[in-house]
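Engineer: from the sequence below, what's the structure:
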Amino acid sequence: MDRKIIFLDVDGTLTLPTGDVSDKVKYAIQQARENGHYVFLCTGRNKAGVRSLMPIGFDGIICSAGGYIEINGEKVYESCLSDEDLTLARDVFDKNNLMYNLETTEMTFQDDEMNHEFIKHQMANDKMNSELQRLLNEQKDRFNIHSLDEFDRNPIPVQKLCFMCHDEKCLEEPRKILADRFNFIVHEIFSTDVINGEIIVKGTNKGKAVEFVVNKLGLSLKDTIAFGDSMNDYEMIQVCEHSVVMENGTNELKQYANKICESVSDDGIYHEFKRIGLFIS
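Structural biologist: Sure, this is the predicted structure:
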C-alpha cells in the first residue's frame, strides 16, 4: 500500500465520552505509523486541549479547526483574530448574553459559568454536588483554563471563540453581525437546554489545513483519509480522498462520507484502519 496520511477528529471520533482513547484505537494508530503512514490530529480543540493525547504518538496536529498546525512538533502555520474582530465578537456576545471562551494556542480563557455548563452536561444530577468541584478542577487542568479577567489584563493572540446559550433567539443578532467575518458553526445539541458552537475566521477550516499539510509534506490528496463525526469536519471530509464518518456522527455529515464505520464507543477507528489495510493484526 502507498503511504497514506490520515486525519483524525478528536471529540466523538478519537476520544470516548470520558475523554479517553481505547487501547484498540491506540494500537491501530501505532501500527499504522510503524507501517509508514502519517497520522495527524485534526480538531477544533486548541493545542492545550490535546496535550493529554500526545503520548499516543502523532506526526502532527491541526488545532483550532485549522487555525494552528504543527508537523513533527514544529509550528508551521497559525491564524489569529485581529484585535478589531475579537472586540466586535466579544461585544456582540456580551450584548446577547452568550457565554463564550477565547482559545489561544496554550490556554483557554473562560469563566466559571461556562466551565460549570460544560461539566453539568457530563454528569448525572445525583453526582452534581459531590463531583462538580473535582471535575471543574480537572477540566481547568486538562485544558489549561484561565479566567477572562486574566486575558483582559494580559491579552495574547486568539485563534477561535466558542459560545454557549440557552435560547436560539440569542444567536440571531450575532449571526447577522458576524457572518461576514466568521464561519458561524452551531454544534449538535448535547442537551435540551443549551446550544453550543464556535466562530472561526473566514478562510480558516479543517479542509484548508489538510491541503496545507499535504502540500508541505509533498504528498497527494489522493492519499488522504479523514475520520470525523460532526459538521465542523465537513471541509475535511470534502477535501480528503477517502472519508469516514463514525456511526455516532450526524446524519447530515454521513451523506458526504465514502464510508460509515463503527461508533467511537465500538472502536470504529481500529476496525476501519484494519479494513483499509493500514495494519494487519
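Engineer: beyond the strand or helix carrying residue 90, next helix or strand please.
Structural biologist: Element membership of residue 90, judged by DSSP states H and E, is helix 83-95. As assigned by DSSP H and E, the chain's next helix or strand after helix 83-95 is strand 99-103.
Engineer: give me the contacts around that following strand.
Structural biologist: 46, 64, 86, 89-90, 93, 108-111, 113-114, 117, 145, 148, 151, 158-165 (C-beta atoms under 8 Å, 6 or more residues apart in numbering). All C-beta atoms are positioned from the backbone trio N, CA, C, and that covers glycine.
Engineer: which strands or helices does the helix holding residue 90 pack on?
Structural biologist: strand 99-103, strand 160-165, helix 172-178 (3 or more C-beta pairs under 8 Å, 6 or more residues apart in numbering; DSSP states H and E).
Engineer: which parts of the stretch 151-281 of the chain are helices?
Structural biologist: 172-178, 206-217, 234-239, 251-254, 268-276 (DSSP state H, counting those that start in this stretch).
Engineer: wait, which of the ones you listed is closest to residue 70?
Structural biologist: Nearest of the helices of the stretch 151-281 of the chain to residue 70, taken as C-beta to C-beta: helix 206-217 at 9.7 Å.
Engineer: what comes up buried for that closest one?
Structural biologist: 206, 207, 208, 209, 210, 211, 212, 213, 214, 217 (16 or more other C-beta atoms under 10 Å).
Engineer: can you check stretch 157-166 too?
Structural biologist: Per 16+ other C-beta under 10 Å, stretch 157-166 contains these buried residues: 158, 159, 160, 161, 162, 163, 164, 165.
Engineer: show the average pLDDT along that stretch.
Structural biologist: In this model, stretch 157-166 has an average pLDDT of 92.
Engineer: just the residues contacting that stretch, thanks.
Structural biologist: 44, 46, 63-65, 67-68, 78-81, 86, 89-90, 93, 96-105, 114, 117, 171, 174, 193-200.
Engineer: separate out the buried members of those.
Structural biologist: Buried among those by 16+ other C-beta under 10 Å: 44, 46, 63-65, 67-68, 79-81, 86, 89-90, 93, 96, 98-105, 114, 117, 171, 174, 194-200.
Engineer: contacts only, for residue 207.
Structural biologist: Residue 207 neighbours (C-beta under 8 Å, 6+ apart): 66, 234, 235, 236, 238, 239.
Engineer: rerun that using 10 Å as the cut-off
Structural biologist: By C-beta atoms under 10 Å, 6 or more residues apart in numbering, the residues touching residue 207 are 7, 42, 66, 226, 233, 234, 235, 236, 237, 238, 239, 240.
Engineer: for residue 72, same thing?
Structural biologist: 38, 58, 59, 60, 217.
Engineer: of those residues - the most surrounded one?
Structural biologist: residue 38 (23 neighbours; other C-beta atoms under 10 Å).
Engineer: got phi/psi on that residue?
Structural biologist: phi -90, psi 140 (degrees, to the nearest 10).
Engineer: same deal with the one 3 residues further on?
Structural biologist: Note on residue 41: backbone dihedrals following degrees, to the nearest 10 are phi -80, psi 140.
Engineer: I'd say it and residue 54 touch.
Structural biologist: Yes. At 8.7 Å, residue 41 counts as touching residue 54 under the criterion of C-beta atoms under 10 Å.
Engineer: for those two, indicate the residue with more neighbours.
Structural biologist: Ranked by neighbour count (other C-beta under 10 Å), residue 41 and residue 54 place residue 41 first, with 23 against 12.
Engineer: residue 244 contacts residue 228, correct?
Structural biologist: Yes. The criterion here is C-beta under 10 Å, and residue 244 meets it with residue 228 at 7.7 Å.
Engineer: overlap in contacts, these two.
Structural biologist: In contact with both residue 244 and residue 228: 8, 13, 237, 257, using C-beta under 10 Å, 6+ apart.
Engineer: quickly find the element holding residue 30.
Structural biologist: Counting by DSSP H and E, residue 30 is found in helix 23-34.
Engineer: buried ones in that helix, by neighbour count?
Structural biologist: Under 16+ other C-beta under 10 Å, the buried positions of helix 23-34 are 24, 25, 26, 27, 28, 29, 31, 32, 33.
Engineer: many thanks, we can stop here.
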